[in-house]
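[1] got a sequence here, can you model it:
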Amino acid sequence: GDDLSAGPAFPSEIGMLSNLLILHLSNNTNLSGTIPSEIGNWKSIGSVFILDCNLSGTIPTEVGKLVSMDLLYLSNNNNLSGPVPTELANL
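    Next comes the predicted model:
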């Protein structure tokens, strides 16, 4: 079966919140998995705070679609890996 000891995964359905203005996830060490590429659907997002979570993988290139974003704060997500997406330079 699935190993749920790492905690629940970051839900891809969060991308359906297309009018989301601020996302603040902190001290969610039970939240695991990757940041879903569906975040590219957040056309109105201004600020994204994801800190002290147990996320892994790379930052999705879809962050380059977040043209309204003023602040992206990813801190203490020690399992994130890979380069910072070059698409961020387009913002």
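[2] spatially central residue for this protein, please.
    By C-alpha atoms, centre = their mean, the chain has its centre lying nearest to Ile35, at 4.1 Å.
[3] Gly57 is in contact with that one, correct?
    Yes. Assessed by C-beta atoms under 8 Å, Ile35 is found in contact with Gly57 at 7.1 Å. Placement of C-beta: from N, CA and C, glycine included.
[4] and Ile39, helix, strand or coil?
    On the three-state scheme (DSSP: H, G, I helix; E, B strand; the rest coil), Ile39 is labelled helix.
[5] which residues touch it?
    Residues in contact with Ile39 (C-beta atoms under 8 Å, 6 or more residues apart in numbering) are Ile14, Gly15, Ile45, Val48, Pro60, Glu62, Val63, Leu66.
[6] from those, which single one is nearest Ser26?
    Within the contacts of Ile39, proximity to Ser26 (C-beta to C-beta) peaks at Val48, which comes in at 11.6 Å.
[7] which strand or helix spans the closest one?
    Per DSSP states H and E, Val48 falls inside strand 47-51.
[8] what about the strands in the protein?
    For the chain, applying DSSP state E gives strands covering 22-26, 32-33, 47-51, 54-57, 71-75, 79-80.
[9] would TSV of the ones you listed with mean pLDDT and distance to Asn41 be doable?
    Formatted as TSV, the strands of the chain follow (pLDDT from 0 to 100; distance: least, C-beta to C-beta, whole Å):
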stretch	mean pLDDT	distance to Asn41
strand 22-26	92	12
strand 32-33	86	18
strand 47-51	92	13
strand 54-57	90	18
strand 71-75	91	16
strand 79-80	88	21
